[in-house]
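J.: Fold the following.
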Amino acid sequence: MTTNPIAMTSADLSRMNVEGFSADIERLKADSYRRIGPEDFAHLRKIERYGRVAAILGLATAWTIPNPITAFLLSLGQFTRWLLAHHITHRGYDRVPGIPARYTSRVFARGWRRYIDWFDWLDPDAWDHEHNILHHYHTGEESDPDLAERNLEFLRQMRVPLWIKYLLMALAACTWKIIYYAPNSLSVLDPVTRKRLHHSRVVAFTIGSVLDFRRATVRRLWATCYLPYATWHFGVIPLMFLPLGTTAVWCVLGNKLLAEAITNAHAFLVIAPNHTADDLYRFSFHYHRKDEFYVTQVMGSANYHCGDDFTDYMSLWLNYQIEHHLIPDLPMRQYRLIQPQVKALCEKHGIPYRQESVFKRFGRMLDVAVGRTSMRELEAFPRNPTRPIARNTAGDTVEVDDLPEFLLAGSPQTNHASSDRLLPAQS
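T.: Okay, the predicted model is just below:
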C-alpha cells in the first residue's frame, strides 16, 4: 500500500533517527555492491534490446504515413538511449565484473561515441556534470541547477489565467530538452576550455539568450548540440528514404517531429515530478555530513509505483528516485531489490518516504509550477533543541514550549501556505 504523502510530510522531523538511518543505508549500500554481477549486465542488454527493436520498427514504418504508433516507437528508441545514458554515466555498471568497456562511464557516449551511444540534444560531458554532480549533490538547494520551483518562478508570478499557464507548460513539456536541458546543461562547462565550472560561476540560459551569438557558450550550444542533432534526425534520416519518393521523405520527417514531441513529453512526465511538489522540501543550507546528505535526499525526492519491467522501463527507472539519490551508482536492477528495504528503513527511523502514481506526482508538480502551491522549505538541518523557535503561519518567529524541534506552519492543501519554513531551534 502506498504511504499517504501528506501524513508523512506532517511527521515530527525532530524524531528522525538520522544516525541510525545513515548506518543502515551504509550497510545496505555495501550489500548492494556485493550483489552486483553478470545478471545486472544481462538486464541492461535486455533493456537496450527493447529500445533497439522499437527504433527499428519505427524506422521500418516511418515512410508510410505520419501516425502516433510509429512516432511512439521512434520516441521509445530515443528515450531508451537516455535511460541507458543516465544509469551508465552514473557509474552504475562500472562494478559489473568483465563488463565491456563501452558500457562503462569512462567510455559510454564519450567523445565520438556520443554519436553511437547517446546522440541527443544534450552534450554528454556537460550533462554528466550538471546532473550527476551539481544536481545530485545539491538536491533542492539554490545551487541545484534543476530546482524547478525557482526556475519556474516567472511562470508562477505571471498574472494570466491558469489555462494559459497550463498551455505554456504543455508546450514546454514537448520541447524541454531543446529549450531547457540542452542549454542549461552546457552552461556548466567553460565554453573554451570545456572545464567544469563551480556552481557559483554557472550562468543559466534564458529562452532569449540562446540566440545571443556574441556569447561563446551560445555558439558552442548551436555547434555541438542544436545543429548536429537537427541535421541528423530531421535532415539525413528523412533523406535516406528518398529512393522511396519525396512523399516518403516528408512522412519520415513528420514522424520524426512527432516522435520528438512525444519523447520530450514522456521524459518530462517521469523526470519533472521527482523533486517538485508541495510535500517535498527545498533546503536553505548545504549538508555537512553523510547522514545529513542521506536524509535530505529522501526529504527532497519522491518515488512512483514500481516493481515490474514495463512500469520501470516506461519510468526510466526514475520511479526509484529515492533509492537512486541515496546510492546513485547502482545498476537499474538493484533498485528494485532494495526499494522495499529502503522504504522499511525510512519508516523505522522516522524519515518521510513519499510514493504515489506518476500521474498524481505530476499533478503535484504542475500545481507548484503554475503557482497554486509551493514547496516546503527547511532552513537548517534538524538538531535537538532545548527551547524551540518556529515560524507561524503569519511568518512571525515565536518561542514554543513543549513542542518538537520544528513546528510545521500551514497545511499542504492550502494555496502557498504549504511552503513550510522550518527554523533551527535556538535556546
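J.: what's the longest helix in the chain?
T.: Ranked by residue count under DSSP state H, the longest helix found in the chain is helix 246-271.
J.: tell me what that one is packed against?
T.: Counting contacts by 3 or more Cβ pairs under 8 Å, 6 or more residues apart in numbering; DSSP states H and E, helix 246-271 packs against helix 68-89, helix 162-173, helix 176, helix 237-239, helix 358-370. Where you see a C-beta, it was placed from the backbone N, CA and C, and this is true even at glycine.
J.: and the angle from that helix to helix 68-89?
T.: With axes from the mean of the first three to the mean of the last three Cα atoms, to 10 degrees defining the directions, helix 246-271 sits at 50 degrees from helix 68-89.
J.: What's the mean pLDDT across helix 246-271?
T.: Mean pLDDT, helix 246-271: 98.
J.: Moving C-terminal from that helix, which element do we reach first?
T.: Tracing the chain past helix 246-271, the next element assigned as helix or strand by DSSP states H and E is strand 281-283.
J.: what sits up against that next one?
T.: Strand 281-283 is contacted by residues T139, G140, E141, L147, E149, T296, M299, G300, M375, R376, E377, L378 when judged by Cβ atoms under 8 Å, 6 or more residues apart in numbering.
J.: Now do the buried residues in the helix or strand just after it.
T.: Beyond strand 281-283 on the C-terminal side, the first helix or strand identified by DSSP H and E is helix 290-299. Buried residues in helix 290-299, counted by 16 or more other Cβ atoms under 10 Å: D291, E292, F293, Y294, V295, T296, Q297, V298, M299.
J.: Mind listing what's buried along the next helix-or-strand element following helix 290-299?
T.: Next helix or strand after helix 290-299 toward the C-terminus (DSSP H and E): helix 309-314. Within helix 309-314, the residues scored as buried using 16+ other Cβ under 10 Å are D312, Y313, M314.
J.: any chance of the helices and strands packed on helix 246-271 in JSON lines, plus mean pLDDT, mean neighbour count and distance to I25?
T.: As requested, the helices and strands packed on helix 246-271 are arranged in JSON lines below (pLDDT from 0 to 100; neighbours: other Cβ atoms under 10 Å; distance: least, Cβ to Cβ, whole Å):
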{"stretch": "helix 68-89", "mean pLDDT": "97", "mean neighbour count": "22", "distance to I25": "19"}
{"stretch": "helix 162-173", "mean pLDDT": "97", "mean neighbour count": "14", "distance to I25": "33"}
{"stretch": "helix 176", "mean pLDDT": "94", "mean neighbour count": "19", "distance to I25": "32"}
{"stretch": "helix 237-239", "mean pLDDT": "98", "mean neighbour count": "17", "distance to I25": "45"}
{"stretch": "helix 358-370", "mean pLDDT": "98", "mean neighbour count": "20", "distance to I25": "23"}
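J.: can you tell which of those helices is closest to V18?
T.: helix 358-370 (25.5 Å; Cβ to Cβ).
J.: Can you tell me what sits against the closest one?
T.: 148-149, 152, 155-156, 162, 165-166, 169, 269-270, 272-274, 276-279, 302, 304-305, 315, 319, 356, 373-375.
J.: one more time with 7 Å
T.: Helix 358-370 has contacts (Cβ atoms under 7 Å, 6 or more residues apart in numbering) with 148-149, 152, 155-156, 162, 165-166, 169, 269-270, 272-273, 276-278, 302, 304, 315, 319, 373-375.
J.: Just the buried ones from those residues?
T.: Buried among the contacts of helix 358-370 (16+ other Cβ under 10 Å): 148-149, 152, 155-156, 165, 169, 269-270, 272-273, 276-278, 302, 304, 315, 319, 373-375.
J.: before we move on, back to that, in the longest helix of the chain, what's buried?
T.: By neighbour count on 16+ other Cβ under 10 Å, the buried set for helix 246-271 is 248-249, 251-256, 258-260, 262-271.
J.: List the residues that contact C251.
T.: Contacts for C251 (Cβ under 7 Å, 6+ apart) come out as A62, W63, T64, I65, P66.
J.: Just the closest of these to L337, please.
T.: Relative to L337, the closest of these is A62; by Cβ to Cβ it sits at 37.9 Å.
J.: helix/strand/coil for A55?
T.: Three-state call for A55 (DSSP: H, G, I helix; E, B strand; the rest coil): helix.
J.: show me the contacts for it.
T.: L74, G77.
J.: please redo it, this time with the cut-off set to 6 Å
T.: By Cβ atoms under 6 Å, 6 or more residues apart in numbering, A55 lies in contact with G77.
J.: Check L28 too.
T.: Q341.
J.: and the gap between it and P38?
T.: L28 is 22 Å from P38, where distance means Cβ to Cβ, to the nearest Å.
J.: Quick one: neighbours of W232, just the number.
T.: Taking other Cβ atoms under 10 Å as the criterion, the count of residues near W232 is 12.
J.: ah, wrong one, I meant R201
T.: By other Cβ under 10 Å, the residues close to R201 number 10.
J.: Throw together a ChimeraX command that grabs the buried residues out of the contacts of C251.
T.: Only the buried entries of these go into this ChimeraX selection, using 16+ other Cβ under 10 Å:
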select :62,63,66
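J.: Near L211, how many other residues are there?
T.: If we define neighbours as other Cβ under 10 Å, then L211 has 9 of them.
J.: which ones are touching it?
T.: No contacts exist for L211 under Cβ under 6 Å, 6+ apart.
J.: ok, now how distant is it from F293?
T.: Distance, L211 to F293, using Cβ to Cβ: 39 Å.
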